[in-house]
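1. My questions concern the predicted model and sequence given below.
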Amino acid sequence: MNTLQAFLIAVIEGLTEYLPVSSTAHMIFMSSYFGIQEDDFVKLFQVSIQFGAILAVVALYWKKFFDFSSKSVAISFYLKLIYAVIPALVLGKLFDDKIEAILGDPIPIAIVLILGGVILLFIDSRFQSPTVIKEEDITLKKAVIIGFWQCLAMMPGTSRSAASIIGGMQQGLTRHAAAEFSFFLAVPTMMAVTCYSVFLKTYESSQMKGYELILKSNENIQLFLIGNVVAFIVAILAIKFFIEIIKKYGFKPWGWYRIIVGIFLLFYFSYFK
């Protein structure tokens with residue numbers, strides 16, 4: 001993987017991580033189209049640049065994450081995130097090998113992308129009477145249920161963002177509140193995945209830990225840093241853009257986008273790969 005390829009993958013990560021469109025599907029296509037070899041470092045890189053995307057949420061919502069003027073409010077906020085992330089941590093660990101196997105076959109991912117798009121076309125009309133307009137009104141029970149909804153994203157192509165937003169709206173959150181809580185929940189979820197991939201996971205081909213792969217060469221260190229900086233900047237722009245779109249148009253544009261991209265990927269991987 002060269003610098004340009006790393007840059008493009010990081011742009012895709014930053015653009016799609018918080019949108020309900022599946023970052024996994026887009027990165028699989030990008031890697032295939034540019035002929036990027038799926039070695040251990042590339043697999044690690046695609047996960048580790050989530051750190052830059054995580055920092056984008058923390059930077060944009062720093063008052064939410066670091067406002068300790070009211071200890072009870074701060075504790076409540078962090079408790080919701082801790083409890084909500086537990087289902088993903090447990091189920092993610094149990095089904096890690098099965099998820100890796102599915103990643104090797106893009107056809108099911110494209111199909112899930114299309115099905116998720118169809119759901120997004122109708123989500124606005126399905127949940128028309130929200131009762132929760134801000135994060136403070138989300139109960140611990142609702143947060144945990146949203147956390148279970150997030151687990152649907154373990155099927156590649158679903159989109160973690162889409163699953164948690166749909167879960168939020170099912171629990172009575174407004175579109176805006178559901179999207180923002182999805183961003184907040186992404187921080188512990190993606191941080192856990194990133195830390196596991198960098199510090200704990202042993203990669204099969206090289207038999208090395210993630211951090212060893214990063215430190216293996218100056219080039220790897222450089223690509224890792226570039227990827228995270230690019231993902232950070234692009235994710236900030238994508239989050240702001242996404243919030244404005246759902247305020248004006250809801251989720252239908254994202255539904256049609258998923259369907260079009262999913263059909264394209266089906267044809268691409270069925271007839272050209």
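-> Arrived safely, thanks for sending. Quantities reported herein were computed from a predicted structural model and do not represent experimental measurements.

2. Quick check, pLDDT for residue 59.
-> On the pLDDT scale, residue 59 is placed at 97.

3. okay, now it: neighbour count?
-> The burial count assigned to residue 59 is 13, neighbours taken as other CB atoms under 10 Å. Where C-beta positions appear, they are placed from N, C-alpha and C, glycine not excepted.

4. Residue 236 is in contact with that one, correct?
-> Yes. Counting by CB atoms under 8 Å, residue 59 touches residue 236, with 6.6 Å between them.

5. Share the number of residues neighbouring residue 268, please.
-> 15.

6. Excluding chain neighbours, what is closest to residue 240?
-> Nearest residue to residue 240 in three dimensions, chain neighbours excluded: residue 60, at 7.6 Å (CB to CB, 6 or more residues apart in numbering).

7. what's the burial count for residue 237?
-> Look at residue 237: counted by other CB under 10 Å, it has 12 neighbours.

8. Just the pLDDT for it.
-> Residue 237 is given a pLDDT of 96.

9. go on, residue 167?
-> 96.

10. got the contact list for the residue lying closest to residue 134 once chain neighbours are set aside?
-> The spatially closest residue to residue 134, leaving aside those adjacent along the chain, is residue 177, at 5.9 Å (CB to CB, 6+ apart). Applying CB atoms under 8 Å, 6 or more residues apart in numbering to residue 177 gives the contacts 130, 132, 133, 134, 135, 137, 138, 168.

11. rewinding a little: need the phi and psi values for the residue nearest to residue 240.
-> Dihedral angles of residue 60 (phi, psi; degrees, to the nearest 10) stand at phi -70, psi -40.

12. what's it in contact with, if anything?
-> By CB under 8 Å, 6+ apart, the contact set of residue 60 is 183, 236, 239, 240.

13. Give me the neighbour count for the closest residue to the first one other than its chain neighbours.
-> By that I understand residue 183. Spatial nearest neighbour of residue 183, chain neighbours left out: residue 57 (4.9 Å); criterion: CB to CB, 6+ apart. Using other CB under 10 Å, residue 57 has 25 other residues around it.

14. Could you look up the SS state of residue 57?
-> helix (DSSP: H, G, I helix; E, B strand; the rest coil).

15. Against residue 223, how distant is it?
-> Per CB to CB, to the nearest Å, residue 57 is found 23 Å from residue 223.

16. Quick check, residue 8 in contact with residue 34.
-> Yes. At 7.1 Å, residue 8 counts as touching residue 34 under the criterion of CB under 8 Å.

17. between these two, who's got more neighbours?
-> For residue 8 versus residue 34, neighbours defined as other CB under 10 Å are more numerous around residue 8 (18 against 13).

18. Now do the same for the more buried one: its pLDDT.
-> 94.

19. check which helix or strand covers it.
-> helix 3-16 (DSSP states H and E).

20. which helices and strands sit right next to that helix?
-> When contacts are defined as 3 or more CB pairs under 8 Å, 6 or more residues apart in numbering; DSSP states H and E, helix 3-16 sits against helix 23-33, helix 40-48, helix 50-60, helix 218-249.

21. Is it possible to get JSON lines of those helices that adds distance to residue 144?
-> Shown next, in JSON lines, are the helices and strands packed on helix 3-16 (distance: least, CB to CB, whole Å):
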{"stretch": "helix 23-33", "distance to residue 144": "24"}
{"stretch": "helix 40-48", "distance to residue 144": "25"}
{"stretch": "helix 50-60", "distance to residue 144": "20"}
{"stretch": "helix 218-249", "distance to residue 144": "24"}
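
22. nearest to residue 152, of those helices?
-> Across these, residue 152 has its closest neighbour in helix 23-33 (13.2 Å, CB to CB).

23. Buried residues in that closest one, which are they?
-> For helix 23-33, a neighbour-count test (16 or more other CB atoms under 10 Å) marks 23, 24, 25, 26, 27, 28, 29, 30, 31, 32 as buried.
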